[in-house]
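**Student:** Okay, sequence plus prediction incoming.
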Amino acid sequence: VAGLGNYGLRGTRHNVGMAVLDQLARQLAVAEGWRADRQCCADVVMAAAHGLELTLLKPRRFMNLNGLSVASAAEIYSFHPEDIYLVHDDLDKALGKVAIKLGGSARGHNGVRSCISALHSNEMTRLRVGIGRP
């Protein structure tokens, strides 16, 4: 599960993907386990939920380069694009509304576009979190 955003710019609405992962890590009681993984240039923590082993990933890059971290992690941890969930902001959804999208285009989102390009696939599942338009 990759939370897309701009690393180091906490609290901005475009970093909602990373904020969701922070909350998920707290709920799964692994929030203290985040570690910097230099191989994939991301913060990573492992968790278990409902019988699944999860790798939570927060890229340490700007949004338009998040895909490089996601693709590196996919290679390191032997994930296929269809195993990856991207959590990202969506300007076209009202604040707080969420939707799951299976594959498809980036719909103008630079972080998703970067992931599609780096993974050479659009098969990732996306959790789109509404941030509304300003």
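**Tutor:** Everything's here; your move.

**Student:** Buried residues of stretch 112-119, list them for me.
**Tutor:** Val112, Arg113, Ser114, Cys115, Ile116, Ala118, Leu119 (16 or more other C-beta atoms under 10 Å). Using the backbone N, CA and C atoms, a C-beta is placed for each residue, glycine as well.

**Student:** Kindly apply the preceding question to stretch 32-47 instead.
**Tutor:** Trp34, Asp37, Cys40, Cys41, Ala42, Asp43, Val44, Val45, Ala47.

**Student:** what's near enough to touch the fourth one?
**Tutor:** Pointing back at Cys41 there. By C-beta atoms under 8 Å, 6 or more residues apart in numbering, Cys41 lies in contact with Pro59, Arg60, Arg61, Leu68, Ser69, Ser72.

**Student:** what's it sitting at in phi/psi?
**Tutor:** Main-chain dihedrals, Cys41, degrees, to the nearest 10: phi 50, psi 60.
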